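K.L.:
Pasted the sequence and its predicted model underneath.
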There are 2 protein chains.
Amino acid sequence: MSGRRAIIVGGDAAGMSAASQMRRVDPMLEVIVFEKGDYVSYGACGMPYYIAGEIARADDLLALRPEEFSERGIDVRTGHEVLEVRAGARVITGKSIAGHAFSERFDYLVLATGGRAKVPSLPGADLVGVHTLRSLNDGIALREALDRGQVRRAVIVGAGFIGLELAEALCKRGVRVCLLSRSDYLLGSFGRDFAQPLFDELSRHGVDFVTRESVNVIEEADGRVAAVVTDRGRYAADLVLLATGLEPGVELARSAGLALGCSGAIAVDDRMKTDTVGIWAAGDCIEVKHVVTGEPVHVPLALTANRTGRIAGDQVGAASAGKTSAQRFRGTAGTLIAKVFDYTAAQTGLTLPAAERAGYSAAVFSQKSHTRAAYYPGTQPLWLRIVVDRRTRRLLGAQILGREGVAGRIDVFATALFKRMSVDEIYDLDLAYAPPYGPVYDPIIDICGRAMLEL
Amino acid sequence: MSGRRAIIVGGDAAGMSAASQMRRVDPMLEVIVFEKGDYVSYGACGMPYYIAGEIARADDLLALRPEEFSERGIDVRTGHEVLEVRAGARVITGKSIAGHAFSERFDYLVLATGGRAKVPSLPGADLVGVHTLRSLNDGIALREALDRGQVRRAVIVGAGFIGLELAEALCKRGVRVCLLSRSDYLLGSFGRDFAQPLFDELSRHGVDFVTRESVNVIEEADGRVAAVVTDRGRYAADLVLLATGLEPGVELARSAGLALGCSGAIAVDDRMKTDTVGIWAAGDCIEVKHVVTGEPVHVPLALTANRTGRIAGDQVGAASAGKTSAQRFRGTAGTLIAKVFDYTAAQTGLTLPAAERAGYSAAVFSQKSHTRAAYYPGTQPLWLRIVVDRRTRRLLGAQILGREGVAGRIDVFATALFKRMSVDEIYDLDLAYAPPYGPVYDPIIDICGRAMLEL
């Protein structure tokens, strides 16, 4: 043993990525992970499909079991909540679920404290039958509530990707779903002007989508939830899911005196170092650089969580082993994809309002295209929208919606954002063509051609 | 009228793209298209699906009818073969299918003479029942042969994308197919080491794939084809398709004294200008710059044909209107995609042998990955292979094979080739993730990570 010890707070994607990577780089390093919940290293993004019953058991979502981490030399302690970081003394203290206080010294600390479901401060938000979905425990609670068979009507508050994925999951469980949103957008930026087919898809599957209403109170009857009351209506519910976003879990960081960024998340450099010697942070609790604007943003998405965890682990492992790590975080484009029944909606980079807020003189172009050659059976409509900087003609963002052909195309746009490509450059790409996969001028090329003419 | 006249030889993708674009740029320009066949502006890539019966009528493949071109001010003359270009005098001469000689002067000439199926000089290659597939007339002849219901066994010579697409089409028509190839590769570069599932897919659908055999003779019985005889066997056939490649149609260019390139195709600059004043060329008859090597190559693919046609048209239109055209051809990556029964195979850039021939010290990495999160129902294997320059770590090429998730991913690699990205840069991309679309580290990221470790 090198005699050095790393402690990781949080055993989800970022924490366990960090743990695994630091052991890979320095097999002599002692690594302890403290996780306050019961599970580590689970596929949080799979929970909607587990709740829908498409994935049989919660265990199926576990990437590795605690004993497998143990075989990798990682000491995983679930049910252990870290309550204090004494940065100067390099000690953490906490309490186990059994009520035992614990305290450990560290040479290196990685905070992977994740995010926390934003719970609006509403009367009734703590009623039985009101759920959030963040941890696997939350997912199991939701599934169990459905398995008991007494849920006939659910209200989901929030139409982000968790709200939408759960709307689908609950429909599949035979529940009548009402989706409530303060805004008139799905996924934050898919409005009726562009994404009407997505709204229609919700209707087609019996989801009531109620927009521009704010929840005032959650009503109770017989000791559990009975209805959600907004500024304009009352919606009966046996189950309520609050899916109004994720905020960074920064209490520990704040109390330890670590610098937070403008977004409220922990500030780190491109090596995941905080402003405090010996402490790194990764995952949904940090802010990272946006690849388009260069500004720090809090975009809690799975790939960034895994990736920043791995980078933090690499840095710690290298520090411990007396090596240097070349791993850096190069930026997020906020690339997002969600399955909504038979549709896929995806986004990367900036929307028009975000581009304008960032100071760009931006233009937006929308186009309806097709997923296969016009004459090829089964061709489906594909809707694309791009945001372009008028001055440099550079792509700033893209959104795509369709029943097929969305996933790969959004990644082409994401690649273009990383390389700061203009629409003229994208237009010249030699993209794959055969009739089952698109028109000869791919929709990507087509919409850039249109932008070139109109800019 | 400006009094100026442009003549286009060839009415397929490149020729008609040129015609449409030059009229857009200069509505005063007189545009005449001479096409020796019966059809213009058809989706040649759709012919396999028409032959399979998935597309009902040959007319469904026509993008526009001659009368629609006439409305656009384009004079389309089908059944007119141009036989001579007198570059100095700016005159073409030819003969119509009715036997009438014609002669026209031009101010601007675009040669879009296309490609021609390579027909091996074999005894029996001209027998009744021996087909090639190049023009829509060829496609109609094949479909009619099948519609007569007397084809039970077919031999396809050549396992490129036309051979493979026709193997599938003929299977769908209930024909027993034997696919013969001189090499042990499908699509020129998908060998058993990488693409065994594609070979298995052919077997699963009853296609006999015979490799490493050369055709010696095509045998006749009762005045029509009866069998294909190779150096190692005899294969009974009611129908034979020779799908051994495409060569550029350059007789007219050669006789007019135009320079040809190393590939044997017409040499043009990035504006599609030939070496002769007043003459442009576009489509399958030209060679273009390869985006990886910078060298001229003859890669007859649909997008390049359309695109070079449009560029030639833009240049001619601009010349006629006294404007300048900004359109340039930026290069081909040879991006190719083919549906082979339930599989999709795609390729972009250089294969390892091609990279070595081009002088790179190249490394190849292969990886089996998955199209969805491990726990997500219906996940399919996905095979990727990348070729990387050892010195610069730059991506040189990629191949992907799978049942889903191939089309978009090959385009990410194609984009990376255009921007000369290293595997390190590709690894850092923020690609879309949700469980129905891939693992959290996309297969693209995963294989680049592997290359980074091993380079």
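P.N.:
Sure, I can see it. Just so you know, these numbers come straight off a predicted model, no measurement behind them.
K.L.:
Dump the C-alpha coordinates for stretch A:351-370 into CSV.
P.N.:
Extracted C-alpha coordinates of stretch A:351-370, given in CSV (Å, rounded to 0.1, in the frame of the first residue of the first chain):
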residue,chain,number,x,y,z
THR,A,351,-31.9,27.1,-28.3
LEU,A,352,-32.7,30.5,-29.8
PRO,A,353,-33.6,32.1,-26.4
ALA,A,354,-30.4,30.7,-24.9
ALA,A,355,-28.4,31.9,-27.8
GLU,A,356,-29.8,35.4,-27.5
ARG,A,357,-29.2,35.4,-23.8
ALA,A,358,-25.6,34.5,-24.5
GLY,A,359,-25.3,37.5,-26.7
TYR,A,360,-25.4,36.0,-30.2
SER,A,361,-27.3,37.5,-33.1
ALA,A,362,-28.9,34.2,-33.9
ALA,A,363,-31.2,33.0,-36.6
VAL,A,364,-33.4,29.9,-36.4
PHE,A,365,-34.3,27.6,-39.3
SER,A,366,-36.9,24.8,-39.1
GLN,A,367,-37.5,22.2,-41.7
LYS,A,368,-39.8,19.2,-42.1
SER,A,369,-37.9,16.4,-43.9
HIS,A,370,-38.1,12.7,-44.2
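K.L.:
Name the residues of it that are buried.
P.N.:
If you call a residue buried by 16 or more other C-beta atoms under 10 Å in any protein chain shown, then stretch A:351-370 has these buried ones: A:351-352, A:354-355, A:358, A:360, A:362-365, A:367, A:369-370. From N, CA and C alone the C-beta is placed, and that goes for glycine too.
K.L.:
ok, now stretch A:193-213?
P.N.:
Counting neighbours by 16+ other C-beta under 10 Å, stretch A:193-213 gives A:Phe194, A:Ala195, A:Pro197, A:Leu198, A:Phe199, A:Glu201, A:Leu202, A:Val207, A:Phe209, A:Val210, A:Thr211, A:Glu213 as buried.
K.L.:
Now, the buried residues of stretch A:351-370 that are in strands?
P.N.:
A:Ala362, A:Ala363, A:Val364, A:Phe365, A:Gln367, A:Ser369, A:His370 (DSSP state E).
K.L.:
quick one: contacts for the residue nearest to the third one when sequence neighbours are not counted?
P.N.:
Distance criterion C-beta to C-beta, 6 or more residues apart in numbering or on different chains; nearest residue to A:Val364, sequence neighbours excluded, is A:Leu352 at 4.6 Å. Residues counted as contacts of A:Leu352 (C-beta atoms under 8 Å, 6 or more residues apart in numbering or on different chains) are A:Ala362, A:Val364, A:Val387, A:Gly397.
K.L.:
gap between the first one and B:Thr415?
P.N.:
With the distance defined as C-beta to C-beta, to the nearest Å, A:Ala362 ends up 22 Å from B:Thr415.
K.L.:
Repeat that for the third one.
P.N.:
If you measure A:Val387 against B:Thr415 using C-beta to C-beta, the figure is 18 Å.
K.L.:
of the two, who's got more company?
P.N.:
B:Thr415 (30 against 25; other C-beta atoms under 10 Å in any protein chain shown).
K.L.:
Assess the claim that that one and A:Phe418 are in contact.
P.N.:
No - between B:Thr415 and A:Phe418 there is no contact, the gap being 9.6 Å when judged by C-beta atoms under 8 Å.
K.L.:
Can you show me the helices along chain A?
P.N.:
All helices of chain A, identified by DSSP state H, fall at A:13-25, A:47-51, A:66-71, A:136-147, A:161-172, A:192-204, A:251-255, A:302-321, A:352-357, A:407-418, A:423-427, A:443-454.
K.L.:
Dump those helices into TSV; add mean pLDDT as well.
P.N.:
Formatted as TSV, the entries for the helices of chain A read as follows, by pLDDT from 0 to 100:
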stretch	mean pLDDT
helix A:13-25	97
helix A:47-51	96
helix A:66-71	86
helix A:136-147	96
helix A:161-172	97
helix A:192-204	96
helix A:251-255	97
helix A:302-321	98
helix A:352-357	97
helix A:407-418	98
helix A:423-427	98
helix A:443-454	97
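K.L.:
For the stretch 151-300 of chain A, what lies in contact range of chain B?
P.N.:
Within the stretch 151-300 of chain A, the positions adjacent to chain B are A:Phe161, A:Val291 by C-beta under 8 Å from any C-beta of the partner chain.
K.L.:
typed the wrong thing, it's the stretch 1-150 of chain A
P.N.:
A:Ala13, A:Gly43, A:Cys45, A:Gly46, A:Tyr49, A:Glu54, A:Ile55, A:Asp60, A:Leu61, A:Ala63.
K.L.:
try 7 Å this time
P.N.:
For the stretch 1-150 of chain A, the residues in contact with chain B under the definition C-beta under 7 Å from any C-beta of the partner chain are A:Gly43, A:Cys45, A:Gly46, A:Tyr49, A:Glu54, A:Ile55, A:Asp60, A:Leu61.
K.L.:
just to revisit the earlier point, in TSV, list the helices of chain A along with distance to A:Ile97.
P.N.:
Supplementary listing: those in TSV, determined by distance: least, C-beta to C-beta, whole Å:
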stretch	distance to A:Ile97
helix A:13-25	17
helix A:47-51	22
helix A:66-71	14
helix A:136-147	12
helix A:161-172	26
helix A:192-204	40
helix A:251-255	17
helix A:302-321	24
helix A:352-357	41
helix A:407-418	40
helix A:423-427	52
helix A:443-454	51
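K.L.:
Just give me how far the helix or strand bottoming out on mean pLDDT in chain A sits from the chain centre.
P.N.:
Within chain A, no helix or strand scores below helix A:66-71, which has a mean of 86 by mean pLDDT, DSSP states H and E. Relative to the mean C-alpha coordinate of its chain, helix A:66-71 is positioned 26 Å out (C-alpha atoms, centre = their mean, to the nearest Å).
K.L.:
what's it packed up against?
P.N.:
Under the contact criterion of 3 or more C-beta pairs under 7 Å, 6 or more residues apart in numbering or on different chains; DSSP states H and E, helix A:66-71 touches strand A:74-78.
K.L.:
buried sites along the strand it packs on?
P.N.:
Applying 16+ other C-beta under 10 Å to strand A:74-78 flags A:Ile74, A:Asp75, A:Val76, A:Arg77, A:Thr78 as buried.
K.L.:
what helices or strands is that strand leaning on?
P.N.:
Checking 3+ C-beta pairs under 7 Å, 6+ apart, strand A:74-78 ends up next to strand A:30-35, helix A:66-71.
K.L.:
on that earlier part again, can you name the two of the buried residues of stretch A:193-213 that sit furthest apart?
P.N.:
For the buried residues of stretch A:193-213, with distances taken as C-beta to C-beta, the pair at the greatest spread is A:Pro197 and A:Glu213 (22.8 Å).
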